[in-house]
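Colleague: For reference, the sequence and a predicted model appear below.
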Amino acid sequence: MSWLKTLSKLIIYQKPPSGPLGFESGVEDRPPDKRGQAGGNDGRNLDATNGNKAGADAAGNGQDHRKNGSRSRMSRRRKTRGTDGRENYPQQVEKNLEIDRIWQEQVGLSHRLEENGEVLEKVFRVPENKDAVFRSFTIGTRPPARAMLVFIDGITNAQVQNMAVLQPLMLLSGAGDPVPGRRTDNPDGDPPEQDVIGRDFFNRVKQALLPNNQMAEARTYGQVVNDILNGNSALFIEGCNRALLLETKGWHFRSVGTPQVESVIRGPQEGFTEMLRVNTTLVRKIIQRPSLVTEFIKVGDATPMQCAVMYIADIANPDLVQEVKRRLESIRSDMIQETGLVEQLIEDQPLHLVPQVLTTERPDRVAAGLVEGRVAVFVDGNPFVMTMPCTFFNLMQSPEDAYVRWPFGNMMRILRYMGLFLALLLPAHYVAIVAYHQEFIPTDLLMAITGARERVPFPSIVEVLIMEGSFELIREAGIRIPGTIGTTLGIVGALILGQAAVAANIVSPILIIVVAVTALGSFAIPNYSFSLSIRLLRFVYIILASLSGLLGILVGVFIHVGVMTTVKSFGVPFLAPLAPATRKSSGYIWRLPAWSQENRPDYLDPLKKRSQPELSRRWLRPGGKEDGKT
Amino acid sequence: MMRGKPVIGVSEATTLMFVLLLSRIFLAHIVFIIDAAANAAWMVPIADTIMALAALYLLVAVLKREPGLNLAETGERLVGPYINTGFSLYYLVVFVAGAGLTLRQLSERVLSGFLPDTPISLVSSFILLGSLAVAYLGPEAVARTARFLVSVIVVSTLVLIIMTVPLWQTNAMYPLWGNGLPGILKGIVNNTGDFVYILLLGFIYPFLPGDRALSIGFWSVAAMGASMFIFVLVAILVFAYPTVSELNNPTFEVARMVNLGRFGQRLEILFLPIWMFSNLVFLSISLYAGSSVLATLSRVTDNRPFLFSAAVLTMVVAFMPQSEPQAARWTHIFISRYSFYILVGILLALIGAGLLKGGGKDDGRQNL
């Protein structure tokens, strides 16, 4: 009858034996057949022992679980999850903590080259980690000195290292007088004393032997590790408890190209890249002013990300700058590799739908914001830069508004606001009018709409939700599918699906027009995050319209505006300068002529209020000359 | 949850007061003015505006005695808690009864004009819920909402007025003195209460900047007077007396009259935001003020626990009249006819009490 038992095991559901899950114990990182025997020096045996023990415990637990009741099972499961791998690998955890202490607690460097090497090998998990390179060599001075260059392969420029570090030290350093401070006897014998290689030798190497354009001194392992992770190389010299940090960054990055999501017809055609330094340079290229300040802040715990805070010191409000820095410095989170994540951690009211910082990929837009008195935050490895504070009217502006003449700028803004209105409220109005307010449609149009809807079996709300949902699906799929296929899918989806839906009498042709115009309206919104919030709120308005027609829409608008008035971006009301009204910011709602935009937005409270004098076109003066000048 | 002290700017406060006063135009009040003063009804808003400005001066004089306190708190300082309870109940009745009767009229209007098959309780609940939500966000949010939406209200109103120009019958203004001076005086005396909501200034006073209360009140009352003058005049010009006095809501009927050729009929839908937004602002700030009075009476610093109570009271009042005409009639009798005089009496009593107590302005409490 054993075959029956076997068959029953296959047919009847059996609760799987509970053991440590992969994500709980970390055992998934090792090969299945060699768990506990993976590479590694010190931790190898410990891991093996603990791993096996954990497995045995897990099996034992599994048996116990089957014997005990569900309460016991739950309790053990909680206990297993609560251990978080720490109890299974105590020595590994202890080792990690020790490394963290070395890294983070300003532990000083040793005079001994070997000791420095061992500590850094431990920090970088060598030899398992093949990225970290420890290049030992001899400086060709008379007498020679032992040295070591530490760096991460792949993020450094090998040519710079060869030509500006290794070659001068190994080949060219011998040409000249004997190096002062270097004792000629016992060059590589007993453990060096601090006086064997003195300060003079270190300074000589730093000042005369290395033709590197940027270098710094480090005295702790923390400084060294951070710089090495940042693409620099650390030079250690025997007998010296200091290291030279050499600028050798050299990873690959995308070159400056055209903006992908904020294109304009007239205006600069370059966008940010993933390189922090390139991005700050792009802005500095526009704002050639000594008061443009770039401060660097490391944000995040597990993988500290380099962020840059940029502002113009003689324009930006110091309180605003301080607040931005305070929020960035106070972030405690493992991974902040994208501006979107930083944005969510520094915004005033995370529960609101509207974005509270302006994210842009255009250097000219950042520069314009800085000149107004805003603060910009760059995140390394990200082609989007945040400027703050941000208001509703910022989100509806495009850089091109300023680059064309003011009547056209105004026309484009009006079109954009119309787009916003259509994107937010047009489907809701369709539902309201079709379901509740038929009498408000002119008779001819009513006949057309009624005739078109005659064969549609669904109520208008269902019809609208089907089409809007389908359109959102097409849009999402079009973004996820790569390149040309995405575009094709968008066109095919929109045309074929719409046509087929009409032919199948699922939706009316009028609705196809409504959905298409709504989509055009949402595309006219220049900010992606804001557009997302409008897309979401559109469904809320559709539901409100289905509940009580235009009354629902108007009550919804009232509440929506009320909620928006409470939103603040770094202390600045989201609807400024309209609500609250400020006197000198009217140009931020309408596009005024360039010569009349004399004031910076007063809601930013900048140190310099005026952006240009009252008479900015001095050539209008008699004689066309400026004061005191010819 | 702690909240910071709201700050209402001059522009927002002026707009809030203006929209609050303006909302009354869009209901049935104009009919009572025209009924009393006939063709000369347009004179009534001018005279009432002057009276309202005088009352405003008294109100600001009272408020200035105790900077940083609202009218109910000032009253307690000046006349003590017992008499002031009576005064506060008056403020509460003005706000809650006004809100309730307005809610009823607005709901009936929406029901008859836009949602004929919907139960009135649902319509009222929907409106009240929207008002309550914004009122909960505080007076700052209500004021800023009013500031944001005032452009919609003013632009739509101007468009509405301009579109009625072809319908104007200029001879409807004559006889210029209507039924004679007694009729005009009756209209003036019986409709002063349209400005009783200057009372709100007493409850947002602690949040206003510096000594701008008089300026805010002056401009809002002046703008309201001008608006009422225009709307009364337009109603007379479009419908002529006595037809206009038989209408339920002249402003709404004016909107129904306009059209753009054969295609653009029933354009009142375009002007629906005027009615809705102005009355929603009115209801929101009334709920806030009502809850603020209740909080003062209960000696609680935060008004929000009383918002729901104020909303329930408002709903109860809204369903007390049997019909919309009765709601309009009650509004005229209890709010438009008498409330203003009671307010003036209270203000005079407070000023008198202040003079008897001696001293002048606050003894430095504003600096706390």
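Modeller: Now that the structure is in, tell me what you want to look at. All values derive from a computational prediction rather than experimental measurement.

Colleague: Which parts of the stretch 151-300 of chain A are helices?
Modeller: Along the stretch 151-300 of chain A, counting by DSSP state H, counting those that start in this stretch, helices occupy A:158-161, A:167, A:199-204, A:221-229, A:276-286.

Colleague: Mind checking the ones you listed for the one nearest to chain B?
Modeller: helix A:276-286 (33.2 Å; Cβ to the nearest Cβ). The C-beta positions use only the backbone N, C-alpha and C, and glycine is treated the same way.

Colleague: And the contacts of stretch B:320-327?
Modeller: With contacts defined as Cβ atoms under 8 Å, 6 or more residues apart in numbering or on different chains, stretch B:320-327 is touched by B:28, B:100-101, B:104-105, B:108-109, B:248, B:318, B:329-330.

Colleague: what's the model's confidence in it, averaged?
Modeller: Averaging pLDDT along stretch B:320-327 gives 92.

Colleague: How about stretch A:303-314?
Modeller: The average pLDDT within stretch A:303-314 is 90.

Colleague: can you check stretch B:348-357 too?
Modeller: Average pLDDT, stretch B:348-357: 91.

Colleague: how about the CA coordinates for it, as PDB?
Modeller: Output of stretch B:348-357 as PDB, limited to C-alpha atoms (Å, rounded to 0.1, in the frame of the first residue of the first chain):
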ATOM      1  CA  LEU B 348     -23.000  99.700  20.800                       C
ATOM      2  CA  ALA B 349     -23.500  97.800  24.100                       C
ATOM      3  CA  LEU B 350     -19.900  96.500  23.800                       C
ATOM      4  CA  ILE B 351     -18.500  99.900  23.100                       C
ATOM      5  CA  GLY B 352     -20.500 101.400  26.000                       C
ATOM      6  CA  ALA B 353     -19.200  98.600  28.300                       C
ATOM      7  CA  GLY B 354     -15.700  99.400  27.100                       C
ATOM      8  CA  LEU B 355     -16.100 103.000  27.900                       C
ATOM      9  CA  LEU B 356     -17.500 102.300  31.300                       C
ATOM     10  CA  LYS B 357     -14.700 100.000  32.100                       C
END
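
Colleague: buried set for it?
Modeller: Using 16 or more other Cβ atoms under 10 Å in any protein chain shown as the test for burial, stretch B:348-357 gives B:349-351, B:353-354.

Colleague: now stretch A:436-448
Modeller: The neighbour-count check on stretch A:436-448 (16+ other Cβ under 10 Å) flags A:436-437, A:440-441 as buried.

Colleague: How about it and chain B, touching?
Modeller: Yes. Using Cβ under 8 Å from any Cβ of the partner chain, stretch A:436-448 comes into contact with chain B via A:436-437, A:439-440, A:442, A:444.

Colleague: List of residues touching that stretch?
Modeller: For stretch A:436-448, the surrounding residues in contact (Cβ under 8 Å, 6+ apart) are A:433, A:449, A:510, A:548-550, B:114-115, B:262-266, B:269.

Colleague: Ends of that stretch, what's the gap?
Modeller: In stretch A:436-448, first residue to last residue: 17 Å (Cα to Cα, to the nearest Å).

Colleague: State the mean pLDDT of stretch A:548-563.
Modeller: If you average the pLDDT over stretch A:548-563, you get 95.

Colleague: How far does it sit from its chain's centre?
Modeller: 35 Å (Cα atoms, centre = their mean, to the nearest Å).

Colleague: Excluding residues flanking it in the chain, which one is nearest A:Leu282?
Modeller: Closest residue in space to A:Leu282, ignoring its immediate chain neighbours: A:Pro363 at 4.0 Å, by Cβ to Cβ, 6 or more residues apart in numbering or on different chains.

Colleague: hang on, the earlier thing: make TSV from the contacts of stretch A:436-448 and add neighbour count to it.
Modeller: Converted to TSV, those look like this (neighbours: other Cβ atoms under 10 Å in any protein chain shown):
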residue	neighbour count
A:Ile433	21
A:Ile449	20
A:Ile510	19
A:Ser548	24
A:Gly549	23
A:Leu550	23
B:Phe114	23
B:Leu115	21
B:Arg262	9
B:Phe263	10
B:Gly264	12
B:Gln265	16
B:Arg266	15
B:Ile269	17
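
Colleague: tell me the two of those residues that are most distant?
Modeller: Longest distance between any two of the contacts of stretch A:436-448 is 30.1 Å, between A:Ser548 and B:Arg262; criterion Cβ to Cβ.

Colleague: Quick check on the residue nearest in space to the middle of chain A: phi, psi?
Modeller: The centroid of chain A falls nearest to A:Glu338 when counting by Cα atoms, centre = their mean (1.3 Å). For A:Glu338, the backbone dihedrals are phi -140, psi 150 (criterion: degrees, to the nearest 10).

Colleague: Nearest residue to it in space, ignoring adjacent ones along the chain?
Modeller: Nearest to A:Glu338 is A:Asn382, by Cβ to Cβ, 6+ apart, at 5.9 Å.

Colleague: Pretty sure that neighbour sits against A:Met275.
Modeller: No. Applying Cβ atoms under 8 Å as the test, A:Asn382 and A:Met275 come out as separate, 9.7 Å apart.

Colleague: Give me the buried subset of the contacts of stretch B:320-327.
Modeller: The buried subset of these (16+ other Cβ under 10 Å) comprises B:28, B:100-101, B:104-105, B:108-109, B:248, B:318, B:330.

Colleague: which SS class is A:Tyr311?
Modeller: Of the three states, A:Tyr311 takes strand under DSSP: H, G, I helix; E, B strand; the rest coil.

Colleague: For it, which non-adjacent residue is closest in space?
Modeller: Nearest in space to A:Tyr311, with sequence neighbours left out and distances taken as Cβ to Cβ, 6+ apart, is A:Val375 at 4.7 Å.

Colleague: One more: A:Leu554?
Modeller: Closest to A:Leu554 by Cβ to Cβ, 6+ apart is B:Met276, at 4.3 Å.

Colleague: Next SSE downstream of the host helix or strand of the one you found?
Modeller: Using DSSP states H and E, the element containing B:Met276 is helix B:272-297. Note on helix B:272-297: by DSSP H and E, the next helix or strand toward the C-terminus is helix B:307-318.

Colleague: Okay, buried residues for the very next helix or strand once past that next one please.
Modeller: Heading C-terminal from helix B:307-318, the first helix or strand you meet, by DSSP H and E, is helix B:324-330. By neighbour count on 16+ other Cβ under 10 Å, the buried set for helix B:324-330 is B:324, B:327-328, B:330.

Colleague: Helix B:324-330: what's the following helix or strand?
Modeller: Using DSSP H and E, the first helix or strand after helix B:324-330 is helix B:339-357.

Colleague: Does that next one pack against any helices or strands, and if so which?
Modeller: Applying 3 or more Cβ pairs under 8 Å, 6 or more residues apart in numbering or on different chains; DSSP states H and E, we find helix B:339-357 packed against helix B:43-65, helix B:71-113.

Colleague: the inter-axis angle of the first one versus helix B:71-113?
Modeller: Direction vectors for helix B:43-65 and helix B:71-113, defined by axes from the mean of the first three to the mean of the last three Cα atoms, to 10 degrees, enclose an angle of 150 degrees.

Colleague: so what secondary structure elements neighbour helix B:43-65?
Modeller: helix B:29-37, helix B:71-113, helix B:181-190, helix B:201-204, helix B:213-239, helix B:339-357.

Colleague: Indicate whether the fourth one makes contact with chain A.
Modeller: Read that as helix B:201-204. No. Counting by Cβ under 8 Å from any Cβ, chain A is not contacted by helix B:201-204; separation bottoms out at 13.9 Å.

Colleague: likewise the second one?
Modeller: Yes. Residues of helix B:71-113 contacting chain A under Cβ under 8 Å from any Cβ: B:Val110.

Colleague: what's that helix packed up against?
Modeller: For helix B:71-113, the packing partners by 3+ Cβ pairs under 8 Å, 6+ apart come out as helix B:43-65, helix B:120-136, helix B:201-204, helix B:272-297, helix B:307-318, helix B:324-330, helix B:339-357.

Colleague: The third one now?
Modeller: Using 3+ Cβ pairs under 8 Å, 6+ apart as the contact definition, the elements that helix B:181-190 packs against are helix B:29-37, helix B:43-65.
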